[in-house]
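>>> One predicted model, sequence on top.
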Amino acid sequence: METAPEHVIACHECDLLLHDMTCQPGQDVICPRCHARLYTATVNGTERLLALSTAGLILFLPANLFPILTLEVLGQSQSQAIINCAMSLFEGGLFLSALLILLFAVVVPFMQLITLFYISSSLHFRWQGRLLRQAMHSYQQMRGWGMLEIFLLGVLVSIIKLKDLAELDIGLGLYSLAGLILITTLSSIMYNPHQLWHQIDLHRNQSDHHG
Amino acid sequence: MAEPPVYQSARSAGLIVCGDCNKLHPAAMEGEHCDRCGVTLHSRQKNSLSRSWACLITAMILFLPANLLPIMTFKVFGRGEPSTILGGILQLLDQNMLFIALVVLTASIVVPVMKIIALLILLATVQFGLQTNLRQKTIMYRVVEWIGRWSMLDIFVIGVLVALVQLGNIAHIEGNHGATAFGAVVILTMFAAINFDTRLIWDNGTDDKSDGEKDSE
């Protein structure tokens, strides 16, 4: 079977054929035709991703277990965590909206952290990483579907809408959520598929030699 | 004056770039699996235009119930009417919350409308093979792809409000099915954007011509 030429890459957005080039840390390689960012060089990419995804997984617990807001009116109070927002819509019969909240504000962010943790830890500790392909594919598919920052904006809009009606207390969950958003944003910036695939190729070659 | 640069696409060079890991493969491997990441190789996303049209047209139809049906009902001491998206924004304006009204207006009405118009332009120009403003169209696609998710704001607001305000007769909020239609509009437009293959913008006409593509700067 014929193989593709080496030292040639193609822009994923406009299919332009280009010569591959090495870039220094901090440099971006940009497509000359459509200006898409082709790749960047990050220093210690996997280690940073490992640190970020570990921190994210730890923060995920308080962000989801503790209430984000507590509402008090005439002595009655109601405090709710993220998951309750989905539950109450579900009970009200809005199944699609409940499912969307559950997916975009809980499931997808969690899966993203888990896959990133798996990818970075297998590369860093040189584990076998049998599922690296699947993990890379899943992360690629999930990009753009984690919407924690939009959820936070939704909470802020709700606070403003309710502030005349009742006393509102911000819970520990909301602070953890803010931290979690910082982590997920940083990790999606740090996520560098070009470099990760390069490392996965090296990793495979090494395990082939040992095996 | 310098000659405009002559560009060659991977497809015209007989190559396929993997949609997932960007590895290059010979064109003969169309339909086979990428040897690095295992994804099925396609020179262009399969049925990109028809899938994108299907999602977009469904989203346009659902846009009507999303805006005409109430999204939630806010009852204080047993009194209150169901309100639509626009009704909720007008309510915020009545309470002198101009800034937050603008945020909700942008996320719930301006962005979905602009997004539908932008996708219509992209799909129509590619469908009819119009070769103008290629770079502007690519930028427009990037903006659409980036900003579209922010329309989910309203669904999250409804979720938070319904969960918090459950105080029996004192105050009570419930969601209505306009929210379902609105959520469907948002994800359908996101799917329309994902299914649209940006490389189609840059392809010469509808069929592959093997000479290099030219772009007048």
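Perfect, I can see it now. Numbers count the residues shown, from 1 in each chain, chains lettered A, B, ... in the order given.
>>> which residues does the residue of chain B found nearest chain A contact?
Chain B approaches chain A most closely through B:F156 (2.9 Å), counting by Cβ to the nearest Cβ. Backbone N, C-alpha and C define where each C-beta goes, glycine included. Neighbour list for B:F156: A:85, A:101, A:105, A:147, A:150-151, A:153-155 [criterion: Cβ atoms under 8 Å, 6 or more residues apart in numbering or on different chains].
>>> Is it possible to mark the buried ones in those residues?
Listed as buried from the contacts of B:F156 are A:85, A:101, A:105, A:147, A:150-151, A:153-155; burial here means 16 or more other Cβ atoms under 10 Å in any protein chain shown.
>>> Can you point out the buried residues in the helix or strand that contains A:S53?
Element membership for A:S53 (DSSP states H and E) is helix A:45-65. By 16+ other Cβ under 10 Å, the buried positions in helix A:45-65 come out as A:45-46, A:48-57, A:59-60, A:62-64.
>>> just checking, what packs against that helix?
Judged by 3 or more Cβ pairs under 8 Å, 6 or more residues apart in numbering or on different chains; DSSP states H and E, helix A:45-65 is in contact with helix A:82-91, helix A:108-124, helix A:172-190, helix A:193-210.
>>> Chain B: which of those is closest?
Short answer: helix A:82-91, nearest of those by Cβ to the nearest Cβ, at 3.5 Å.
>>> right, is that closest one up against chain B?
Yes: applying Cβ under 8 Å from any Cβ of the partner chain, one finds helix A:82-91 touching chain B at A:84-89.
>>> Next secondary structure after the helix or strand where B:L123 lies?
Per DSSP H and E, B:L123 falls inside helix B:111-127. Counting by DSSP H and E, the next helix or strand C-terminal to helix B:111-127 is helix B:134-147.
>>> who's in contact with that following helix?
A:13-14, A:33-36, A:144, B:111, B:114-115, B:118-119, B:121-122, B:125, B:193-194, B:196, B:198, B:201-202, B:215.
>>> ends of stretch A:17-36, how far apart?
One end of stretch A:17-36 to the other measures 13 Å (Cα to Cα, to the nearest Å).
>>> Return the list of helices and strands in contact with the helix ranked longest in chain B.
Secondary structure of chain B per DSSP state H: the longest helix is helix B:48-68. Counting contacts by 3+ Cβ pairs under 8 Å, 6+ apart, helix B:48-68 is packed against helix B:85-94, helix B:111-127, helix B:178-195.
>>> Compare those and report which one is nearest to A:V29.
helix B:178-195 (24.0 Å; Cβ to Cβ).
>>> same for that closest one, what does it pack against?
helix A:95-102, helix B:48-68, helix B:111-127, helix B:134-147, helix B:153-164.
>>> can you give me the angle that helix makes with helix B:134-147?
140 degrees (axes from the mean of the first three to the mean of the last three Cα atoms, to 10 degrees).
>>> what about helix B:178-195, distance to the chain center?
The chain centre lies 7 Å from the centre of helix B:178-195; the measure is Cα atoms, centre = their mean, to the nearest Å.
>>> as a whole number, average confidence for that helix?
The average pLDDT for helix B:178-195 rounds to 94.
>>> same thing with stretch A:132-141?
Per-residue scores along stretch A:132-141 average to 91.
>>> how does the chain divide into domains?
Picking chain A for this. Taking automatic domain parsing as the criterion, chain A consists of the domains A:1-41, A:44-210.
>>> um, chain B though
Split into domains by automatic domain parsing, chain B comes to B:1-43, B:46-215.
>>> most tightly surrounded among these?
Of the domains of chain B, the one with the most neighbours on average (mean count of other Cβ atoms under 10 Å in any protein chain shown) is domain B:46-215, at a mean of 19.
>>> about what we covered before: mean pLDDT lowest for which of the domains of chain B?
domain B:1-43 (a mean of 83).
>>> Please see if that domain touches chain A.
Yes: contact of domain B:1-43 with chain A (Cβ under 8 Å from any Cβ) involves B:5, B:7-11, B:13, B:15, B:17, B:19-26, B:28, B:36-39.
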